[in-house]
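Enquirer: the sequence and its predicted three-dimensional model are supplied below.
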Amino acid sequence: MMLPTREEILKSVTFKTSRSGGKGGQNVNKVSSKVELIFDLENATFFNEEEKVLLKSRLENRMDNDGLLHIVSQEDRSQLLNKEKTIAKLIDLLKRSLQIQKKRKPTKIPQAVIQKRLKNKSVNGDKKQSRKKPNFE
């Protein structure tokens, strides 16, 4: 599993800019600072077929009907900073999606733990038993 370099990613994505809401005053009305990164997984040459299948299954909720991944950033007033943030988000998303989790090996519960639990149960039971009214029959 090899993560693509920043340059490879920049070749395979397209950017869309639009006016962003939020703070910025007059700047918001004039400057297109909102950046949307569009990544086409099918045409990404730096992933092999099994990596593409893995990414598709893990990112299917984030993809549109055409199989494109959209990442939006509009936190900053600067278009350049928002562009950098979308690239960083994409790299992070790809990295997390390609990680393969290790299988968990089930282990036996140690005998000492079982004994301790049973002892605690009987101590608790005795405590509650001693609270009952005595039965004089």
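Expert: That came through fine.
Enquirer: who does the nearest residue to T86 once chain neighbours are set aside bridge with?
Expert: Take T86 and drop its neighbours on the chain: the residue closest to it by C-beta to C-beta, 6 or more residues apart in numbering is L37, 3.9 Å away. C-beta: built from backbone N, CA, C; applies to glycine. In this entry, L37 is beta-bridged to F15, I71, by DSSP bridges.
Enquirer: thought L37 was touching I71?
Expert: Yes: L37 is within contact range of I71, at 4.5 Å (criterion: C-beta atoms under 8 Å).
Enquirer: common neighbours of the two, please.
Expert: T86, K89, L90 (C-beta atoms under 8 Å, 6 or more residues apart in numbering).
Enquirer: flag the shaky bits of this protein, pLDDT-wise.
Expert: 1-2, 21-25, 27-28 (pLDDT under 70).
Enquirer: so where do the strands sit in it?
Expert: 13-18, 34-40, 68-73 (DSSP state E).
Enquirer: dump these to TSV, plus mean neighbour count and distance to I100.
Expert: Output for the strands of the chain, formatted as TSV (neighbours: other C-beta atoms under 10 Å; distance: least, C-beta to C-beta, whole Å):
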stretch	mean neighbour count	distance to I100
strand 13-18	13	25
strand 34-40	19	21
strand 68-73	18	20
